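Enquirer: Mind looking at a prediction? Sequence and model below.
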Amino acid sequence: MKIGHRGAAGYCPENTISSFKKAVELGVDYLELDIQMTKDRKLVVIHDPTVNRTTNGKGKVKDFTLQEIQRLDAGSWFHCNFAGEKIPSLSEVFDEFAGKIGILIELKKPSLYPLMEEKLAEELEKRELTSGDKQIIVQSFDRGALKRFHELVPAIPIGILVKNTGVKMISNKNLKSFSSFVSYVNPKITMVNKRMIKRIHYHGFKTIIWTVNKKNDLRTLKNFHVEGIISDFPDLS
Ligand code: G3P
Ligand code: CA
């Protein structure tokens, strides 16, 4: 699977409708995106827990209402051509893309947002996207949140994210313990080697590698037979 990181973050301001449209244009199978929650409990698509880096505003996502956060400019920081781009709600992304292309949703910092998993489950149920065959995958670094989400919506495939500091997370013992709720084990490219991928596959998981922006890495991963590759440049070949 070819997966566009935050849409096509190499070409457009990340996690915006323009970025997702660009990724679709470049032929991705899935859009990767990050969600956080506003003060009025709306799920919004933004990577950081603050708006500082990717908008013209300042402050924590959880201190804005949806209406307030959508007044910010989420495009100009990237390039003036994207001035006026806004932070999409997850609902707007679903309106535009759900059912047409896969969506890989990352629960970002669920510990900051009580009942975030429930909110996502509700949103998916409302749109009849919970059957597991609607090309929705939910991933996170937060094991607890993933477990809770899986209990709410058991048919949706779950991915557990792993970075270098969490390499112990994918010991054989832990991999065994994930098998009751996890379908994908998704390590960062900088920690990947052939043995690790074999081990992940041996335990019955699929794997999606992030974030792959170098041609060499892409070539290597093709030989490892990984199931998915996430890139800022989805046309990398
Ligand atoms: O999809 C995995 C990757 O997006 C996780 O890292 O920081 O880009 O959200 P980050
Ligand atoms: Ca992400």
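Expert: All right, it came through fine. Ligands and ions are numbered 1, 2, ... in the order given.

Enquirer: Could you tell me the end-to-end distance of stretch 1-18?
Expert: Distance between the two ends of stretch 1-18: 21 Å, counting by CA to CA, to the nearest Å.

Enquirer: Near ligand 2, which residues of this protein? Just list them.
Expert: 34, 106 (CB under 5 Å from the ion). Every C-beta, even on glycine, is put in place using the N, C-alpha and C of the backbone.

Enquirer: 6 Å instead, please
Expert: Counting by CB under 6 Å from the ion, the chain comes close to ligand 2 at 32, 34, 106.

Enquirer: Residue 123 is in contact with residue 91, isn't it?
Expert: Yes: at 6.7 Å, residue 123 counts as touching residue 91 under the criterion of CB atoms under 8 Å.

Enquirer: who touches both of the two?
Expert: residue 43 (CB atoms under 8 Å, 6 or more residues apart in numbering).

Enquirer: before we move on, back to that, possible to save the residues of the chain next to ligand 2 as TSV with secondary structure?
Expert: Formatted as TSV, the residues of the chain next to ligand 2 follow (DSSP: H, G, I helix; E, B strand; the rest coil):
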residue	secondary structure
32	strand
34	strand
106	strand
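
Enquirer: from these, which single one is nearest residue 130?
Expert: Nearest to residue 130 among the residues of the chain next to ligand 2: residue 106, at 17.9 Å, using CB to CB.

Enquirer: Could you check the pLDDT of that closest one?
Expert: With respect to pLDDT, residue 106 scores 98.

Enquirer: where's it relative to residue 139, distance?
Expert: Separation of residue 106 from residue 139 (CB to CB, to the nearest Å): 5 Å.

Enquirer: which neighbours do these two share?
Expert: residue 161.

Enquirer: Packing partners of the lowest-mean-pLDDT helix or strand in the chain?
Expert: Counting by mean pLDDT, DSSP states H and E, the weakest-scoring helix or strand in the chain turns out to be helix 172-178, with a mean of 91. Counting contacts by 3 or more CB pairs under 8 Å, 6 or more residues apart in numbering; DSSP states H and E, helix 172-178 packs against helix 194-202.

Enquirer: list the contacts for the residue in the chain that ligand 2 sits nearest to?
Expert: Residue nearest to ligand 2 within the chain: residue 106 (4.0 Å; CB to the ion). Residue 106 makes contact with 32-35, 138-140, 161, according to CB under 8 Å, 6+ apart.

Enquirer: Kindly provide the distance from the residue sitting nearest the centre point of the chain to residue 208.
Expert: Closest to where the C-alpha atoms of the chain average out (CA atoms, centre = their mean) is residue 106, at 3.4 Å. Going from residue 106 to residue 208 by CB to CB gives 11 Å.

Enquirer: Find residues that contact each of those two.
Expert: residue 139.

Enquirer: Go ahead and list the helix or strand containing the closest residue to residue 152 other than its chain neighbours.
Expert: Closest residue to residue 152 apart from its sequence neighbours, by CB to CB, 6 or more residues apart in numbering: residue 121 at 4.1 Å. Using DSSP states H and E, residue 121 maps to helix 116-126.

Enquirer: Good, we can wrap up now.
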